[in-house]
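> based on what follows, work out the 3D shape:
(2 chains)
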Amino acid sequence: MASFIEILIRGLMLGSVYALVGMGLTLVWGVVGIVNIAHGEFVMLGAYFAFWAFSLIHFNPFLSILISIPVFFFAGMLIHRRITERLIKEHELSALILTFGMSILIWNLAQFFWTNTYRSVPYLTGNFPILGLVFAKSKTVSFGLAVGITAALFFFLKYSKWGKAIRATSQNSEVALVCGINTMKMRMLTFGMGIALAGAAGAIVSLQWVIFPQMGGSYVSKAFAIVVLGGLGNIQGALAGGLIIGILEAVVTQYLSAKVAQIIPSVTILVILLLRPTGLFKK
Amino acid sequence: MKKKIPIWLGTVALMVFLAMIPFFASDYWITLLVLIFIFAVYASGWNLFSGLTGYTNFGLAWFIGVSGYVSSLLIADYNLPWVFAWPVGAVFISIVSIGVGYILLRIRGVYFAISMVALAEGTRELFGTEYLSPITHGGKGVPFVAGIQLSTLYWAILFIAFISLLVCYKIASSKFGLRLVAIREDEQAAETLGIHATRDKILAFILSAFFVGLAGAIHFTYQNYIDPSFAFSIHLTLTPIVMALFGGVGTVFGPFIGATLFTLIHEVLWAELTILYMAIFGGILMALILFFPQGLLGWMKEKGILPRIRKI
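Predicted coordinates:
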């Protein structure tokens, strides 16, 4: 029987990864106005990137994140430039159905090329004790990475020139355009960042859990729950939402069952949308 | 009035021909037609609500799965004949949809779509948990035999497809249909004109649930098997949407054309490319949104090949 503190810490570590996925989704949704259902598939691709880098050339998974982030960033920009930018002026549901198709396309291709085998990255296995509590090494390092990436994202959005421009585009795209901000470029940049966040989260995920082509679905449903919890486009809200979902999952898994924990995202989405559709934290 | 007689004659002739098929066609063709009609009802049921009101239902599998479970469990555990089990399943999902529609239909746009996905996914997980397994048999599924002949099943689904087509046709040319389209175009403006938007949306939602649920019950009887991941699979939501999009969203006959075409494509591709088949479907969905958003019938109406009326 694990102590409650241990469960809480486990939840926080889970939540830090979920928050990365959720922040990417909320960023793209808030700034670009595209609801990317295929977001979870990029988590899956990020996990496979780390897996293949490790198993083919024994590349350190933590270092491979440094490569996968720019790769996913540029891939995301390309996808937006070629496909989703066309739908900016269309009804938002067109983008929803399009990314739904993209999601199906990506995970089935992954299944076709990489088969349904469950895989994992056996790196940094083992535990270490602190103050009488036992921690898995890989999860602790992953937690540090997730926190680092989150902090970098906050600083970028808050203090850099581009970050300011992105926030301006999010607040009012037309006024931002009049003020001389290239909003199309900002949308492209944001989409790239969202995909890069998903890819980074995927790499971190690959160190802790099994990876398989259909894994994206569970992450995207958690990401939607996080966006709904935190409020659309609210990055801080997404961080808090991610931690809440993580802790809830850890607690429910411990005291009820892992199967029941799977229902948390769906229930969260339904309850929050009905009771407090602006999210828990008003901007 | 003169023009109407040949259309009615043609319809009757086609129905008689379709009804006669089990007497001369092989089981393979009957099976194929059964699937075509099942998916035609799914697609037109999706279109009846989402195509007319503009509320994208991403949880069509929820209608199918819940109704399928109710009817399958009645057949498997309570030995109820299929004649009663199917309508009970469909009526059950319709009644549940009144409540769900009343609650969820106040959520608009993308949020409604997501909440429907959440509903379908949540129900799937719920039906697979150990807590509900005394009723649902958990995640391992329920195999059952309804004792129905293939030809009887064929006539049943043919009849239901015909009725649902008739209902869609009547609705499209009715004031009710016009009110739904007004809601799609601008819900607030429609309400200021005195349209009771919530009531009309819920009514369309229930009608959609009833027909899709009925076809769902038949679908699982035809498969002789049900389990949560199959009953609520994303595939059952996606395929009808692709079919309706291809045929033309908001048209009456579009979903039927789409269902016929894509079931045949499925039949050809499935055997050859089992895994790539779904990927191709996803690709087609993307291409449809990007290059062909109005669908086949919408395109033909735009080009003037078909008259621009809501009845088609």
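> burial check on the residue in the stretch 151-283 of chain A positioned nearest to chain B, number of neighbours?
Of all residues in the stretch 151-283 of chain A, residue A:266 sits closest to chain B, at 3.0 Å by C-beta to the nearest C-beta. Every residue, glycine included, has its C-beta placed from N, CA and C. For residue A:266, the neighbour count with other C-beta atoms under 10 Å in any protein chain shown is 24.
> just the element for it, please.
Assigned by DSSP states H and E, residue A:266 falls within helix A:264-275.
> what's next to that helix, contact-wise?
Under the contact criterion C-beta atoms under 8 Å, 6 or more residues apart in numbering or on different chains, helix A:264-275 has outside partners A:218, A:221-222, A:224-225, A:228-229, A:245, A:248-249, A:252, A:279-280, B:103-104, B:107, B:111, B:114-115, B:118-119, B:121-122, B:125.
> narrow those to those that are buried.
A:221-222, A:224-225, A:228-229, A:245, A:248-249, A:252, A:279-280, B:104, B:107, B:111, B:114-115, B:118-119, B:121-122, B:125 (16 or more other C-beta atoms under 10 Å in any protein chain shown).
> which ones are touching the spatially most central residue of chain B?
Taking C-alpha atoms, centre = their mean as the criterion, residue B:42 is the residue nearest the geometric centre of chain B, at 1.4 Å. Listed by C-beta under 8 Å, 6+ apart, the contact partners of residue B:42 are B:60, B:64, B:212, B:215, B:216, B:236, B:239, B:240, B:243, B:259.
> determine which two of the residues you listed are furthest apart.
By the measure C-beta to C-beta, B:216 and B:243 form the most distant pair in the contacts of residue B:42, at 15.4 Å.
> how close does the closest residue to residue A:235 other than its chain neighbours sit to residue A:247?
Leaving aside its sequence neighbours, residue A:235 sits nearest to residue A:23 (C-beta to C-beta, 6 or more residues apart in numbering or on different chains; 5.6 Å). Residue A:23 is 17 Å from residue A:247, where distance means C-beta to C-beta, to the nearest Å.
> between the two, who's got more neighbours?
Taking other C-beta under 10 Å, residue A:23 and residue A:247 do not tie; residue A:23 has more neighbours (31 against 19).
> tell me who's in contact with residue B:235.
Here residue B:235 is in contact with B:61, B:278 (C-beta under 8 Å, 6+ apart).
> now the helix holding residue A:266 - C-alpha only, CSV.
Provided in CSV are the C-alpha atoms of helix A:264-275 (Å, rounded to 0.1, in the frame of the first residue of the first chain):
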residue,chain,number,x,y,z
ILE,A,264,-11.7,10.5,-16.0
PRO,A,265,-11.0,12.6,-19.2
SER,A,266,-14.5,12.0,-20.6
VAL,A,267,-16.3,12.8,-17.3
THR,A,268,-14.1,15.9,-16.8
ILE,A,269,-15.0,17.2,-20.3
LEU,A,270,-18.7,16.6,-19.8
VAL,A,271,-18.9,18.0,-16.3
ILE,A,272,-16.8,21.1,-16.9
LEU,A,273,-18.5,22.0,-20.2
LEU,A,274,-21.9,21.8,-18.5
LEU,A,275,-21.0,23.5,-15.2
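> which parts of that helix are buried?
Of the residues in helix A:264-275, A:264, A:265, A:266, A:267, A:268, A:269, A:270, A:272, A:273 count as buried by neighbour count, 16+ other C-beta under 10 Å.
> now for those, which pair is the farthest apart?
A:264 and A:273 (14.7 Å).
> host element of the residue of the stretch 51-200 of chain B found nearest chain A?
The stretch 51-200 of chain B approaches chain A most closely through residue B:122 (3.0 Å), counting by C-beta to the nearest C-beta. Remark: residue B:122 resides in helix B:109-128, with elements defined by DSSP H and E.
> now the angle from that helix to helix A:264-275?
Angle, helix B:109-128 to helix A:264-275, by axes from the mean of the first three to the mean of the last three C-alpha atoms, to 10 degrees: 140 degrees.
> tell me the helices and strands packed up against helix B:109-128.
Helices and strands in packing contact with helix B:109-128 are listed as helix A:92-114, helix A:216-230, helix A:258-261, helix A:264-275, helix B:60-78, helix B:82-104, helix B:228-231; criterion 3 or more C-beta pairs under 8 Å, 6 or more residues apart in numbering or on different chains; DSSP states H and E.
> got a markdown table for those, with distance to residue A:136 and mean pLDDT too?
Compiled in a markdown table, these are given as follows (distance: least, C-beta to C-beta, whole Å; pLDDT from 0 to 100):
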| stretch | distance to residue A:136 | mean pLDDT |
| --- | --- | --- |
| helix A:92-114 | 26 | 87 |
| helix A:216-230 | 20 | 89 |
| helix A:258-261 | 17 | 82 |
| helix A:264-275 | 22 | 88 |
| helix B:60-78 | 37 | 93 |
| helix B:82-104 | 40 | 93 |
| helix B:228-231 | 30 | 88 |
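> dump the ones you listed into a markdown table; add distance to residue B:247 as well.
As requested, the helices and strands packed on helix B:109-128 are exported to a markdown table (distance: least, C-beta to C-beta, whole Å):
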| stretch | distance to residue B:247 |
| --- | --- |
| helix A:92-114 | 15 |
| helix A:216-230 | 27 |
| helix A:258-261 | 39 |
| helix A:264-275 | 31 |
| helix B:60-78 | 16 |
| helix B:82-104 | 24 |
| helix B:228-231 | 25 |
